[in-house]
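Peer 1: Whatever this is, show me its structure:
(2 chains)
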Amino acid sequence: MSGYALAARGLNKSFGSLVVAADVELNLPAGVRYALIGPNGAGKTTLINLITGMLRPDAGRIFLGDRDITAAAPDDRVRSGLVRTFQINSLFPHLTALESVMLAVCERRRVAQTWWRPITAYRDEADEAYGILNSLMLGGVSQRLTRELPYGQQRLLEIALALATKPKVLLLDEPTAGVPRGESRDLFAAIAGLSSDITVLFIEHDMDLVFRFAARVIVMVGGRVLVEGTPAEIASDPHVRAVYLGKARQ
Amino acid sequence: MTREALAGPGHYLRAQIRWRWSEIAFWLATLLPFVLAPSYLILASQVAITALFALSLDLILGYAGIVSLGHAAYFGVGAYTAGLISTRGWGEPLAGLLAAGLAAGIFGYLTSFIVARFRHLALIMITLGIGLVLQEAANSASWLTGGFDGLQGIHTWPIFGRFQFDLYGYTAYGYSLAVLFIIFLIARRLIHSPFGLALRGIRENGVRMPAIGAPTYVHIRTVYTIAATIAGIAGALLAETTETVSLEALGFQRSADVLVMLILGGTGRLYGGLVGAAVYMVARDQFSGLNPQYWYFWIGLLLVAVVMLMPNGILGGLALLARRARAGS
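Peer 2: Numbering: from 1, shown residues only, chains lettered A, B, ... in the order given. All right, here's what the predicted structure looks like:
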């Protein structure tokens, strides 16, 4: 029993001589908002890939609640409540926003294997998908093709897809990448408005957003967790200032 | 903004699956050969059978993005199954269809475990390999299949004990068309189901699917099995209406032809394979009449022209024209 929503024990991963994760330990309690920060190449996205099963760790174990998910397939982890979004938009260009979210809802409700009933019989799923889009201010564009949506709305759709899977733990890989600053705040307001029992971990480079929206911050450097603490602790930590904030705030 | 766009999600979904006038016109047009070209009914039945085969390929290629160069394997399994049952003394056509669909479906399910693990070029090699293996197996098992000489002695009983297969192809075309239509209805239902949506998701972004909790391999195995079943039924139709099965039924040429027809008509549109089969086979019939030796020259020219002018196939081109006409008016 780990007692945490998500925990990692001694995660290691290297590509040849390049160490991308070294003895990473994570203990995320339920419902807490975490920011994961660190310079480029620190292994932040790699860590998300390891946790979600897109990469296999060389050593170490991962726990979702009480369950050891180290060997579980990525889609299995998603169905258990461990969900991620992507740094680069990874959507369904020729599906409408409604169809995309409805697809995720149907997968969660295990009806996506049903080929003999028309989709119109799935009013509940359609309404739920529409509700999710509405909650992210996408209700008005729900019937537009994904590829026709402006970039900011595509980033929101990315989050809508994740929400449709009913996550317990949500990993957001640079949700505001490429989004203008004003829209970033709206996007984070939407993230902050998520149900308080979802554990959120987000990678973000904008320190104002990090300090504003994260309850705790994890700093990674060179594949290692350098330090973890509250935003105030992180801001005053001399190691962090030396390797990261110092450079970023010059 | 259209009226549908303003209404709720339920209304929008209903509008997506509604029958269009063009579809009704298309199916009415399939009856025209009976009155306009009764001397071409044999060809028409071949077109209907090939269209069914192309429809099955569209389910995996057009919807799930699985490129296959060995799809004739399942067509051939169906053709030989129906043929063998008939030569063993049971020529009832509907039973032949069911048995063929079952046999091809089982073969499709078994091979789907290999197919679902690969994409792109590797997939082309795998499917090509499955086709070649099966063709040579059928060739060497001549005690069963008749080998190079083909399967002789097929006799198809009248449909429902009433409709005798005639020399002009009235029954053959009516039968093939009816089977095509019924299976088309099933396929249409499939693509408008939650499963159809999942298939489009795989085609659009297969890598993303696991991240929304989708068991992609399971989906691919399912659609591959269904497509193999339909291909097997198409093969059985050919065996029953021509009362012969040759190795050509599961050869590479048939796999390549059906792929060409589908791309010609337009993938992922359900009607693409139907239109492509009709255009390709009528063109082949006409060109081979004009120029018996070099007719593939004209087929080649047709392919290059269509793909250059209409990269999304004939139906893709028509859809584009229709959109432009609407935008202009």
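
Peer 1: What is the least confident helix or strand in chain B?
Peer 2: helix B:3-6 (a mean of 45; mean pLDDT, DSSP states H and E).

Peer 1: Can you pull out the low-pLDDT segments for chain A?
Peer 2: A:1-2, A:244-250 (pLDDT under 70).

Peer 1: three-state assignment of the residue of it most remote from its centre?
Peer 2: What lies farthest from the middle of chain A is A:Trp116; by C-alpha atoms, centre = their mean that is 34.0 Å. Following DSSP: H, G, I helix; E, B strand; the rest coil, A:Trp116 is assigned to coil.

Peer 1: Which phi and psi values does it adopt?
Peer 2: Main-chain torsions, A:Trp116, degrees, to the nearest 10: phi -100, psi 0.

Peer 1: Spit out the contact partners of it.
Peer 2: Counting by C-beta atoms under 8 Å, 6 or more residues apart in numbering or on different chains, A:Trp116 touches B:189-190, B:193. Backbone N, C-alpha and C define where each C-beta goes, glycine included.

Peer 1: Then A:Ala21?
Peer 2: When contacts are counted by C-beta under 8 Å, 6+ apart, A:Ala21 touches A:11-14, A:43, A:46-47, A:50, A:57, A:223.

Peer 1: Am I right that it sits in a strand?
Peer 2: Yes. Under three-state DSSP, A:Ala21 sits within a strand.

Peer 1: Grab the nearest non-local neighbour of it.
Peer 2: Closest residue to A:Ala21 apart from its sequence neighbours, by C-beta to C-beta, 6 or more residues apart in numbering or on different chains: A:Lys13 at 4.2 Å.

Peer 1: again with B:Tyr109
Peer 2: Leaving out its chain neighbours, B:Tyr109 is closest to B:Thr225 (C-beta to C-beta, 6+ apart), at 4.4 Å.

Peer 1: now A:Tyr130
Peer 2: Using C-beta to C-beta, 6+ apart, the closest residue to A:Tyr130 is B:Pro9 (4.4 Å).

Peer 1: okay, the contacts of A:Ala21 in CSV with neighbour count and secondary structure next?
Peer 2: Shown next, in CSV, are those (neighbours: other C-beta atoms under 10 Å in any protein chain shown; DSSP: H, G, I helix; E, B strand; the rest coil):
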residue, neighbour count, secondary structure
A:Leu11, 25, strand
A:Asn12, 16, strand
A:Lys13, 22, strand
A:Ser14, 12, strand
A:Gly43, 25, coil
A:Thr46, 20, helix
A:Leu47, 29, helix
A:Leu50, 24, helix
A:Pro57, 20, coil
A:Gly223, 23, coil
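
Peer 1: from the residues you listed, which is closest to chain B?
Peer 2: A:Leu50 (14.4 Å; C-beta to the nearest C-beta).

Peer 1: That closest one: what's it in contact with?
Peer 2: A:Leu50 touches A:8, A:11, A:13, A:21, A:24, A:56-57, A:62, counting by C-beta under 8 Å, 6+ apart.

Peer 1: send the alpha carbons of the helix or strand encompassing B:Ala122 over as PDB?
Peer 2: Using DSSP states H and E, B:Ala122 sits within helix B:120-140. In PDB, the C-alpha atoms belonging to helix B:120-140 read as follows (Å, rounded to 0.1, in the frame of the first residue of the first chain):
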ATOM      1  CA  HIS B 120       2.900   0.900 -43.200                       C
ATOM      2  CA  LEU B 121       5.500  -0.900 -45.300                       C
ATOM      3  CA  ALA B 122       6.000  -3.800 -43.000                       C
ATOM      4  CA  LEU B 123       2.200  -4.400 -43.200                       C
ATOM      5  CA  ILE B 124       2.400  -4.500 -47.000                       C
ATOM      6  CA  MET B 125       5.100  -7.100 -46.800                       C
ATOM      7  CA  ILE B 126       3.200  -9.200 -44.200                       C
ATOM      8  CA  THR B 127      -0.100  -9.200 -46.200                       C
ATOM      9  CA  LEU B 128       1.700  -9.900 -49.400                       C
ATOM     10  CA  GLY B 129       3.400 -12.800 -47.700                       C
ATOM     11  CA  ILE B 130       0.200 -14.200 -46.400                       C
ATOM     12  CA  GLY B 131      -1.300 -14.000 -49.900                       C
ATOM     13  CA  LEU B 132       1.700 -15.800 -51.500                       C
ATOM     14  CA  VAL B 133       1.800 -18.500 -48.900                       C
ATOM     15  CA  LEU B 134      -1.800 -19.300 -49.400                       C
ATOM     16  CA  GLN B 135      -1.600 -19.300 -53.100                       C
ATOM     17  CA  GLU B 136       1.300 -21.800 -53.200                       C
ATOM     18  CA  ALA B 137      -0.400 -23.900 -50.600                       C
ATOM     19  CA  ALA B 138      -3.600 -24.100 -52.800                       C
ATOM     20  CA  ASN B 139      -1.400 -24.800 -55.800                       C
ATOM     21  CA  SER B 140       0.400 -27.700 -54.100                       C
END
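
Peer 1: Thanks a lot, see you next time.
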